[in-house]
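In: here are the coordinates; sequence isn't available:
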C-alpha cells in the first residue's frame, strides 16, 4: 500500500477528506494536529473538519509522517525498579513535556537485572525509539555502549557512569544531601554513620564525598568503619545489622542515601533492640510515601523528583533535535528538609 492510498480499514486519506470539504490539505493537517488556532483557522471550520473526519473514519497517518521524518515518535524510558513512588513521580514530571512534543512514552522496568534490561532494550530498539532515558545500573554498561554505537540519543537519569562520560545525565544535585547531614549535626550528633550502595555510579559517590566534606566542615572526622556500602542486590538489612553489632563504639545517627537504605536501617535497629531516635537517629533522602509519618516517620530531604523528570525529558528532546551537539549534564537544585520522628532532638 502506498502512503497516499486509502487505508484498508475503510477510512479515507487526508487528500480525500480535503476534497470532500473543499479545503486544502494544509488546513486539514493543521486542524487534525491541533495547531489550527495558531494559523487563524476559524472554530467553525475546525469543528466541521473534525465532524467529517469522524464520520469518514479518517485516522491521522502518524506512521506515514514518521517514516518521512525517519522518527517513530517513541521515547524509551527505562527504570530498574518500580518501588515506592519514585518512577511514578519521574513520569509525572515528564508527562506534559512528552505529550506537548508529540512523543509517546515506552516504559520498561527490569528489576535491576542486567540481562533482563538488555533483552527489554533489544525489544524497544526494534520499535526505533527517537531517544532513550535510562536510570543506569553498573552491570548494564555493555548495553549502554551498544546503544552509543547505534547512535541512539541517550540520557542517563538520576545517576551516571564514569565509563560513559559523553552521555549527559539529569540528576538531583548531590550537594542537597548536606541538608540532612547538617540536621543530624544540629540536633547534637557527632558520631554519624553513612549507609549507601557500592555501585560505582557517579552521583552515588559524590553523595559520600558530600557526607565527608559536611562532617569535616563541622569539625567531625568521618570514621571509615561507620561507612556502610552495601553491594547491589545484597541483604541490606542484614548488612547494616551486622555492621552495627560488630562495632562496640557504634554511631548514634545514620545518614542514608536512599529511602530503601533507611527502611533497612530501621529494621536493623529494631532487631538489635535499638530505639529510634533515642539510641539511633536516622535521616535520609527522597521522601517517598513509606517515609512519611504514617509509616517509618523518617526525617528526610524531599527531592524535586518531578522537576528531575521534566528536565530529563527536555534534554532527550534536545538530543533528538540536535544529535551532533554536545549536551551538558543537568543537576536539578532544590531540596526541603522535613524533620520527623526518626531524628527528633
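Out: It's in. All of these numbers come straight from a predicted model, not from anything done at the bench.
In: I would like the residues contacting the strand or helix carrying residue 242, please.
Out: Here residue 242 sits within helix 236-245, counting by DSSP states H and E. With contact meaning CB atoms under 8 Å, 6 or more residues apart in numbering, helix 236-245 is reached by 195, 225, 228, 230, 250-251, 260-261, 264-265, 267-269, 271-272, 274, 280. Every C-beta, even on glycine, is put in place using the N, C-alpha and C of the backbone.
In: can you tell me which of those are buried?
Out: 195, 228, 230, 250-251, 260-261, 264-265, 267-269, 274, 280 (16 or more other CB atoms under 10 Å).
In: of these, which belong to strands?
Out: 195, 228, 230 (DSSP state E).
In: and the residues you listed, which is closest to residue 299?
Out: Checking these against residue 299 by CB to CB gives residue 195 as the nearest, at 13.9 Å.
In: which strand residues bridge the closest one?
Out: Beta-bridge partners recorded for residue 195 (DSSP bridges): residue 228, residue 256.
In: could you number the chain from 16 rather than 1 from now on?
Out: Shifting the count to begin at 16 puts that one at residue 210.
In: ok, it - contacts?
Out: 243, 245, 255, 269-272, 276-277, 279-280.
In: now flag whichever of those is closest to residue 57.
Out: Within the contacts of residue 210, proximity to residue 57 (CB to CB) peaks at residue 272, which comes in at 57.0 Å.
In: any idea of the pLDDT on that closest one?
Out: On pLDDT, residue 272 comes in at 94.
In: isn't it right up against residue 299?
Out: Yes: between residue 272 and residue 299 there is a contact under CB atoms under 8 Å: 7.5 Å.
In: who has more neighbours, the two?
Out: residue 299 (29 against 24; other CB atoms under 10 Å).
In: quick one: that one from residue 145, how far?
Out: Counting by CB to CB, to the nearest Å, the separation of residue 299 from residue 145 is 36 Å.
In: re earlier: could you dump the buried ones among the contacts of helix 251-260 to JSON lines with pLDDT?
Out: Conversion of the buried ones among the contacts of helix 251-260 to JSON lines gives the following (pLDDT from 0 to 100):
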{"residue": "210", "pLDDT": "94"}
{"residue": "243", "pLDDT": "91"}
{"residue": "245", "pLDDT": "85"}
{"residue": "265", "pLDDT": "89"}
{"residue": "266", "pLDDT": "93"}
{"residue": "275", "pLDDT": "89"}
{"residue": "276", "pLDDT": "91"}
{"residue": "279", "pLDDT": "91"}
{"residue": "280", "pLDDT": "93"}
{"residue": "282", "pLDDT": "92"}
{"residue": "283", "pLDDT": "91"}
{"residue": "284", "pLDDT": "92"}
{"residue": "289", "pLDDT": "92"}
{"residue": "295", "pLDDT": "95"}
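In: which of the residues you listed fall within helices?
Out: 275-276, 279-280, 282-284 (DSSP state H).
In: show me where pLDDT drops low in the stretch 166-315 of the chain?
Out: 262 (pLDDT under 70).
In: where along it do the helices fall?
Out: 193-201, 217-232, 251-260, 274-286 (DSSP state H, counting those that start in this stretch).
In: among those, which comes closest to residue 151?
Out: helix 217-232 (9.6 Å).
In: what's the angle between the closest one and helix 193-201?
Out: If you take axes from the mean of the first three to the mean of the last three CA atoms, to 10 degrees, helix 217-232 sits at 30 degrees to helix 193-201.
In: ok, and for helix 217-232, which residues are buried?
Out: So helix 217-232, judged by 16+ other CB under 10 Å, has buried residues 217-223, 225-226, 229-230.
In: name the nearest residue to residue 344, ignoring sequence neighbours.
Out: Leaving out its chain neighbours, the residue that sits closest to residue 344 by CB to CB, 6 or more residues apart in numbering is residue 184, at 4.3 Å.
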